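Visitor: Below are the sequence and a predicted model for it; my questions follow.
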Amino acid sequence: MSNFAIQAFNKPKKLTLLTALTASLLMISGCQSLQSSRTNADSSSMIPVQKLDSFNITGKIGVTTPANSDTNSGAQGGSAFYAWGQENERFAIELIGALGIGKTNIEYDGQTATLVSEKTGTLTAANPETLLKKATGWQAPISQMPYWISGRPAPSDSAPQLDEQGRLIRSINGEWTASFTYKGTDKLPVKISAVQPQGHKVIMTINHQSS
């Protein structure tokens with residue numbers, strides 16, 4: 001057989017082999033790209049929406065409220081040391097030096113929130129946020145805090161963001177945007193900062209107590 005015939009005979013085989021190899025590479029590349037895009041898309045949904053069943057924490061909380069033109073008052077701030085005990089949906093918070101109203105205790109049984117302070121006496125409300133605002137005028141996302149303290153987004157949060165270790169570092173709840181600070185490789189945050197565009201701000205340092 002002549003060299004020309006051999007080349008003509010082998011050429012289709014080489015072309016077929018090259019086509020098959022190219023198709024295989026494209027399929028592998030496509031699969032890898034799809035897998036990568038799925039991983040990136042699912043990264044935020046991997047955070048379980050749950051909180052610790054129980055915890056005991058202490059620390060300091062600072063609250064800032066913006067200026068109010070209606071009452072002709074400037075921006076105000078206050079702080080308090082706290083101890084917080086949580087058991088499922090129930091919690092008790094003790095505040096010392098509490099935001100201008102003295103020593104304060106806030107309890108919530110899952111249905112009713114109760115606040116007792118030296119200045120206000122006993123107050124009740126359907127939720128902790130309404131109660132705190134009623135007693136002090138301050139705003140704070142108390143109902144979301146048990147989840148955030150656990151390093152997890154609250155059920156009503158949106159756009160949670162994770163760091164490289166899979167820890168929650170940012171989450172949005174209504175007008176509140178919360179950011180989280182961790183110590184070393186700890187899985188639970190040691191600081192939560194929550195802000196609103198209008199100027200409301202809550203900063204909470206956290207010392208997690210061992211059970």
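Guide: Nice, thanks for sending it over.

Visitor: So residue 86 versus residue 208, what's the distance?
Guide: Going from residue 86 to residue 208 by Cβ to Cβ, to the nearest Å gives 11 Å. The C-beta positions use only the backbone N, C-alpha and C, and glycine is treated the same way.

Visitor: Over to residue 83?
Guide: Computed as Cβ to Cβ, the residue 83 to residue 208 distance reads 12 Å.

Visitor: Need the residues touching each of those two.
Guide: Common contacts of residue 83 and residue 208 (Cβ atoms under 8 Å, 6 or more residues apart in numbering): 56-57.

Visitor: returning to what we had before: higher neighbour count, residue 86 and residue 208?
Guide: Taking other Cβ atoms under 10 Å, residue 86 and residue 208 do not tie; residue 86 has more neighbours (21 against 16).

Visitor: and the more buried one, that one's in a helix?
Guide: No - counting by DSSP: H, G, I helix; E, B strand; the rest coil, residue 86 is not part of a helix but strand.

Visitor: That one against residue 52, yeah?
Guide: Yes - look at residue 86 against residue 52 with Cβ atoms under 8 Å: they come within range, at 7.2 Å.

Visitor: what touches both of the two?
Guide: Common contact partners of residue 86 and residue 52 (Cβ under 8 Å, 6+ apart): 146, 149.

Visitor: which residues in this structure form helices?
Guide: Along the chain, the segments classed as helices by DSSP state H run 3-42, 128-136, 145-149.

Visitor: where's the last one relative to the chain centroid, distance-wise?
Guide: Okay, so that is helix 145-149. On the basis of Cα atoms, centre = their mean, to the nearest Å, helix 145-149 sits 8 Å off its chain's mean C-alpha point.

Visitor: And for that helix, what's in contact with it?
Guide: Helix 145-149 is contacted from outside by 49-52, 55, 57, 84, 86, 91, 141, 153-155, 157, 168, 171, 178, 180, 188-189, 192, 194, 204, 206, using Cβ under 8 Å, 6+ apart.
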